[in-house]
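Novice: Turn this into a structure:
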Amino acid sequence: MRQVNVPKSLVSIVEGESLLNDASSLIVFRFALAAVLTRQFQFQEAAVNFVSVIFIGILIGLVVGLIFYTIHRLLPTTPSIEIVLSLVTPYCMYYFAEHFHVSGVLAVVSGGLLLSSKRNS
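Specialist: Next up, the predicted model:
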């Protein structure tokens, strides 16, 4: 897409969408594994859990992303600080999401997309 001069915002959306598909597949796999191990599956309960895991994971990623964006704006911008924040941010997103038993992958993807959009604006 970059070779045909597609706008950067469209490239970000397409790349983010593929990451969201991958994360959703991981969540479905987790539910399928639980169903096989427990030999029980209730569709309504799984559907509600699926939606809540997705939305809460995305929400945590956005909140942590906004916190780190605010920290980044308040601190002086030196290369050392930017490197530390760039390395710590996705780990914090993933950790907090997994702490609440929601999708850490979706948290990192949504937070990363938020920070990417803030950087470009």
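
Novice: Now for residue 24: which residues touch it?
Specialist: 54, 106 (C-beta atoms under 8 Å, 6 or more residues apart in numbering). Bear in mind the C-beta positions are built from the backbone N, C-alpha and C, glycine included.

Novice: ok, now with 6 Å
Specialist: When the contact criterion is C-beta atoms under 6 Å, 6 or more residues apart in numbering, residue 24 has no partners at all.

Novice: in which helix or strand would I find it?
Specialist: If you go by DSSP states H and E, residue 24 is part of helix 8-38.

Novice: where along the chain do the helices fall?
Specialist: Along the chain, counting by DSSP state H, helices occupy 8-38, 43-74, 79-99, 104-120.

Novice: Least confident of the ones you listed, on average?
Specialist: Note on the helices of the chain: helix 8-38 shows the lowest mean pLDDT, a mean of 78.

Novice: tilt between that one and helix 43-74?
Specialist: Angle, helix 8-38 to helix 43-74, by axes from the mean of the first three to the mean of the last three C-alpha atoms, to 10 degrees: 140 degrees.

Novice: Quick check: the gap between the residue of the chain positioned farthest from its centre and residue 70.
Specialist: Using C-alpha atoms, centre = their mean, the residue of the chain lying farthest from its centre is residue 39. It sits 30.1 Å away. Between residue 39 and residue 70 the computed distance is 47 Å (C-beta to C-beta, to the nearest Å).
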